[in-house]
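*Asks:* Give the three-dimensional model of this entry:
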Amino acid sequence: MTDAEFDRQHLWHPYSNVTNPGPAHMVARADGVRLTLADGRQMIDAMSSWWCAIHGYGHPVLVRALTDQAQAMSHVMFGGLTHAPAVDLGRRLLTIAPRGLQRIFYCDSGSVAVEIALKMAVQYQVARGRPGRTGFATIRGGYHGDTWKAMSVCDPVTGMHHLFSTALSPQHFATRPPVRYGDQWTDDEAQNGIGDLRGVLEQNAGQIAALILEPVVQGAGGMYFYHPRYLDHARALCDAHDILLIFDEIATGFGRTGRLFATDHTGVLPDILCLGKALSGGMMSFAAVMSSDAVARAIGEGEVPVFMHGPTFMANPLACAVSSASLDLLTGTPWQVTVAAMAAQMKHELAPARALPHVADVRVLGAIGVIEMDHPVSADRAHPICHDLGVWLRPFGRNIYCMPPFVTAPDDLSRITAAMVHLAGVL
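*Replies:* Numbering: from 1, shown residues only. Have a look, this model is predicted:
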């Protein structure tokens, strides 16, 4: 049995049907921005391996950080023990993260980070004498991961978890922010979405621990970009009702939107911040939850004074060392200039797609390019086309999109945008 046959018969891929799993390219090697397949074909990775490999693959700085740390210590439990890689990474995060977030909780993945943030919010409210505040508010169109509680704050209708809606805790959903990024903001609450959010929070404040949302960019919920001013009003409403504000920056953190964090598009700050994906430069699964000192201290002063969470691989030294190296790579280069140049190039080269008959919208923000169709597009249909074009794209929903590594050269980026426009014309 070949590797491909074994894979097809025994390995379960994400969002796949085992009886008809669809095509899967066998990757033999990954270097820079290129995936070398088992058949010898090379493909430019326009997806950064689901948005995490911002430095590309096999970067010598990251490889060296991993191998050096492996020789010293691959893992020790974080309960009752600590180590320099965790401390070093913490220092870097405090230097670059939005001010006011002073406490760092390391964990395994983005979805787990969301679970932790939600648990923090509930334990905070209980510690403050509000045991009835165990629910959450969010906005429609959002996506926060595939684990159990995280699914409950994903869009229950258009999201990918509607199958489980009757099994999940019902949450409180406000309208998706209607004013798009780059459009003129209006203070009319009937038009900017704040009126609906206000109603949800005012009517259910006694049941809500926190409002969680993806700032500015909704990722897997549709690659939707909304106006940062919405966050200013959301912050004010949360403050008025003693509701915590959680920003999920797992997809947007570390430069993807043109700012180091999407939070930086606005002046407001969250109480809790979820980070993941690009944190480790795509080398391994790793995430972090940052909170204000007020949240951490309130939990520490509660009837149950310890935060009730502790992953086995929390603060894994390998992941911490690689993440520190990744952050040094990012902050030590003119990434803002690079991302701005990528954005300008994508805006220019994706613009012709607007003239295609089934294209609903074309939009770019930072190193994110999107062609939205007026109908669902098939990733399985795109697979063989991408193979022939030598560009790895994986459409979802109605979106043909890219999130290339920041090290993608202009010529390679042109191949990516050309492939996207081609797909928009044939899918």
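*Asks:* For the rest of this, base every contact and every neighbour count on C-alpha atoms.
*Replies:* Will do.
*Asks:* Now name the helix or strand holding Trp185.
*Replies:* Trp185 is located outside every helix and strand, with elements delineated by DSSP states H and E.
*Asks:* pLDDT score assigned to the nearest residue to it once chain neighbours are set aside?
*Replies:* Excluding the flanking residues, the one nearest Trp185 by Cα to Cα, 6 or more residues apart in numbering is Val179, at 6.6 Å. Looking at Val179, its pLDDT is 98.
*Asks:* How many residues are close by Val179?
*Replies:* Val179 sits with 19 neighbouring residues when counted by other Cα atoms under 10 Å.
*Asks:* and what of Tyr226?
*Replies:* When neighbours are counted by other Cα under 10 Å, Tyr226 registers 20.
*Asks:* Bridge partners for it, pull those for me.
*Replies:* Taking DSSP bridges, one obtains Arg180 as the residues bridged to Tyr226.
*Asks:* residue contacts, it?
*Replies:* Residues in contact with Tyr226, defined by Cα atoms under 8 Å, 6 or more residues apart in numbering, are Pro177, Pro178, Val179, Arg180, Tyr181, Val216, Val217.
*Asks:* May I see the PyMOL selection of the buried members of the residues you listed?
*Replies:* Provided next is the PyMOL selection string for whichever of the contacts of Tyr226 are buried by 16 or more other Cα atoms under 10 Å:
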select buried, resi 177+179+180+181+216+217
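*Asks:* Please convert the contacts of Tyr226 to a markdown table, extending it with distance to Val339.
*Replies:* Formatted as a markdown table, the entries for the contacts of Tyr226 read as follows, by distance: Cα to Cα, whole Å:
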| residue | distance to Val339 |
| --- | --- |
| Pro177 | 25 |
| Pro178 | 26 |
| Val179 | 24 |
| Arg180 | 21 |
| Tyr181 | 17 |
| Val216 | 17 |
| Val217 | 16 |
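*Asks:* Among the contacts of Tyr226, which one lies nearest to Pro14?
*Replies:* Distances from these to Pro14 were compared by Cα to Cα; the smallest belongs to Val217, at 22.8 Å.
*Asks:* Nearest spatial neighbour of that closest one, chain-adjacent residues omitted?
*Replies:* Beyond its immediate neighbours in the sequence, the residue positioned closest to Val217 (Cα to Cα, 6+ apart) is Phe225, lying 4.6 Å away.
*Asks:* list the contacts for the one you found?
*Replies:* Applying Cα under 8 Å, 6+ apart as the definition, the contact partners of Phe225 turn out to be Arg180, Tyr181, Val216, Val217, Gln218, Leu365.
*Asks:* same thing with Ala121?
*Replies:* Under the criterion of Cα under 8 Å, 6+ apart, the contact partners of Ala121 comprise Ala209, Ala210, Leu244.
*Asks:* next one: Met290
*Replies:* For Met290, the contacting residues are Leu101, Gln102, Arg103, Ile104, Phe105, Ile272, Leu273, Cys274, Leu275, taking Cα under 8 Å, 6+ apart as the criterion.
*Asks:* Could you do Gly253 as well?
*Replies:* Gly253 makes contacts with Leu260, Phe261, Ala262, Leu275, Gly276, Ala278, Leu279, as judged by Cα under 8 Å, 6+ apart.
*Asks:* Only the buried subset of those residues, as a PyMOL command please.
*Replies:* With 16+ other Cα under 10 Å as the criterion, this PyMOL line picks the buried residues out of the contacts of Gly253:
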select buried, resi 260+261+262+275+276+278+279
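*Asks:* Which ones among the contacts of Gly253 lie within strands?
*Replies:* Mapping the contacts of Gly253 onto strands (DSSP state E) picks out Leu275.
*Asks:* export stretch 411-427 as CSV, just CAs?
*Replies:* What follows is stretch 411-427 as a C-alpha-only set of coordinates in CSV (Å, rounded to 0.1, in the frame of the first residue of the first chain):
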residue,chain,number,x,y,z
ASP,A,411,7.2,37.6,-8.3
ASP,A,412,5.8,34.8,-6.2
LEU,A,413,3.0,37.0,-4.9
SER,A,414,2.1,37.8,-8.5
ARG,A,415,1.7,34.1,-9.2
ILE,A,416,-0.5,33.8,-6.2
THR,A,417,-2.8,36.7,-7.2
ALA,A,418,-2.9,35.4,-10.8
ALA,A,419,-4.0,32.0,-9.5
MET,A,420,-6.7,33.5,-7.4
VAL,A,421,-8.1,35.5,-10.4
HIS,A,422,-7.9,32.3,-12.5
LEU,A,423,-9.9,30.3,-9.9
ALA,A,424,-12.4,33.1,-9.6
GLY,A,425,-13.0,32.7,-13.4
VAL,A,426,-13.5,28.9,-13.3
LEU,A,427,-14.9,27.9,-10.0
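*Asks:* Now it: average pLDDT?
*Replies:* Averaging pLDDT along stretch 411-427 gives 97.
*Asks:* try stretch 207-223
*Replies:* Across stretch 207-223, the per-residue pLDDT values average to 96.
*Asks:* Pretty sure Leu245 sits in a strand.
*Replies:* Yes - when the secondary structure is assigned by DSSP: H, G, I helix; E, B strand; the rest coil, Leu245 falls within a strand.
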